[in-house]
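In: Need coordinates for the following:
(one chain, ligands or ions: 1)
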Amino acid sequence: MRHLIDILDLSTEEIDELIQKACDIIAHPDAYSEKCHGKKIATLFYEPSTRTRLSFEAAMMELGGKALGFSSASNSSASKGETVADTARIVSNYADIIAMRHPKEGAPMVASMYAKVPVINAGDGGHNHPTQTLTDLLTIYREKGRLDHLTIGFCGDLKFGRTVHSLILALARYTDIRIVLISPDELKLPDYIIQDTLIAKNISYVETADLEEYLPELDVLYMTRVQQERFFNEADYIRLKDSYILTRDKLATAKSDLSILHPLPRVNEIAVDVDDDPRACYFTQAGNGKYIRMALILKLLEVE
Ligand code: CP
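Out: Numbering: from 1, shown residues only. As a prediction, this is how the structure comes out:
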């Protein structure tokens, strides 16, 4: 039985296979409409979500299966003190696969130790969000036709942005990747990712606070929201939340084939006047999330 807790649980070959499978699902959705007939996914979300939870549920339904679950800790027995371990044991009786989001880093890993069915990490605290990374990789692949020979800028909250952490781990496996880390000093990428991934794998990277200086060099710009819920101090959040606001005017110097991604939800960091720019990919990206999760469910349930 396989779980997906960290993007590195998948080999590069497996990631590439998932991307190809998602592309096939997009091209031939009818061929997949009964693949999971009789199967159920449980979405156990202890933290708010729109895209991840609903796309997991839509993914299982489009495969012919069903979905059940809860969307906040307060309407589950976690509010009475039930542990993640006990919840995982119990829900294994009701569903064939579990997708879990939790504010505590490592909670989905704990669930995977006690569940009798595959567990997918749907985001754990400020740590990892591997299915968002699969979504991002599918989007980059569909936009660019490749996952190598790319200069990718990450902009905003690189400290708490779990989607950034997972995507950098994945991209570091591809050839000729150059990474530009754009953030205020207080929201820089954690040092353990710089040391263990970028330096250890000899990835070319630069840290800067200046988006406009590096914008003309980028093939992909990955904007992120400042993660209010991870701040201990409201005043710090208020000071930092509008550090970067991408507008249509600022894009004048960017490449004509730049791809702008954002895991969403956005707050202020991308002005709505960018939405109509052909380089804006973030709504397509959210749509891709359903297809890659369909491919992942098929893989973890070992459905041919
Ligand atoms: N990208 C993402 O995780 O969105 P949600 O929080 O809405 O699931």
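In: In which helix or strand does the residue nearest to the spatial centre of the chain reside?
Out: The chain has residue 132 as the residue nearest its centroid, 1.7 Å off, counting by CA atoms, centre = their mean. Using DSSP states H and E, the element containing residue 132 is helix 130-144.
In: rewinding a little: the residue nearest to the centre of the chain: what's it in contact with?
Out: Residue 132 is in contact with 52, 123, 162-163, 166-167, 263, 289, counting by CB atoms under 8 Å, 6 or more residues apart in numbering. From N, CA and C alone the C-beta is placed, and that goes for glycine too.
In: Just the pLDDT at it, thanks.
Out: pLDDT, residue 132: 98.
In: again, but for residue 65
Out: Note on residue 65: pLDDT of 98.
In: got it, and residue 231?
Out: For residue 231, the predicted pLDDT is 75.
In: do the same with residue 304
Out: 85.
In: just checking, residue 105 touches residue 126?
Out: Yes. Between residue 105 and residue 126 a contact is recorded at 6.9 Å, counting by CB atoms under 8 Å.
In: between the two, who's got more neighbours?
Out: Per other CB atoms under 10 Å, whichever of residue 105 and residue 126 has more neighbours is residue 126, with 19 against 13.
In: Is that one in a helix, a strand, or coil?
Out: Following DSSP: H, G, I helix; E, B strand; the rest coil, we place residue 126 in the coil state.
In: Please name the nearest non-neighbouring residue to it.
Out: Among residues not flanking residue 126 along the chain, residue 160 sits closest, at 4.3 Å (CB to CB, 6 or more residues apart in numbering).
In: any residues touching the helix or strand bottoming out on mean pLDDT in the chain, and which ones?
Out: Ranking every helix and strand in the chain by mean pLDDT, DSSP states H and E puts helix 234-240 at the bottom, with a mean of 84. Residues from elsewhere that reach helix 234-240 (CB under 8 Å, 6+ apart): 157, 184, 186-187, 226, 228, 231.
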